[in-house]
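Q: Requesting a structural model of the entry that follows:
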Amino acid sequence: HSVVRNALFCLEMAAEKEESHVYTKALLAYTFALAGKEEKRKALLGSLEKEAVKKDGSVHWQRPGKEPEGDLPYYRSRAPSAEVEMTAYVLLAQLTTRPAPSQEELSFASLIAKWIIRQQNPSGGFSSTQVSCFLP
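A: Numbering: from 1, shown residues only. Below is the predicted model of the structure:
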């Protein structure tokens, strides 16, 4: 459809900008994965991998300029919801490929999943930027 084709063209132009925010890159990588644009997906994932935070046997992404967290022996804070979301989008982009992801891609995806699992709250859910307000 011409509207979808034009929208993808617009997103391709946006993806070529050098100064793209990590969250934007994550969304674009997943979008191109869904659209079957494998070269764009791989290019964005390559760029994102350079910005990844690799710590404690896991991988995630955070906002640029964020202060590093102090290591407290008995306290592990959860990441802000935007960081959980962008990391989840990278995971989706990593796994959404035809043919199926390679063993290397699956190994990297497991490191991302490991970090996401650590962000679960005691009820098994996650904080979200998309939580709606409920009236009493």
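
Q: what about the strands in the protein?
A: Counting by DSSP state E, the chain has strands at residues 53-55, 58-60.

Q: Need those strands in JSON lines (columns: distance to Ile117 and mean pLDDT).
A: All C-beta atoms are positioned from the backbone trio N, CA, C, and that covers glycine. Formatted as JSON lines, those follow (distance: least, Cβ to Cβ, whole Å; pLDDT from 0 to 100):
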{"stretch": "strand 53-55", "distance to Ile117": "15", "mean pLDDT": "95"}
{"stretch": "strand 58-60", "distance to Ile117": "9", "mean pLDDT": "96"}
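
Q: what's the most buried one of the ones you listed?
A: When you average the neighbours per residue for each of the strands of the chain (mean count of other Cβ atoms under 10 Å), strand 58-60 leads with a mean of 22.

Q: Name the strands paired with it and say parallel or antiparallel.
A: strand 53-55 (antiparallel) (DSSP bridges).

Q: where exactly do the helices run in this protein?
A: 2-15, 22-35, 38-51, 81-95, 103-118 (DSSP state H).
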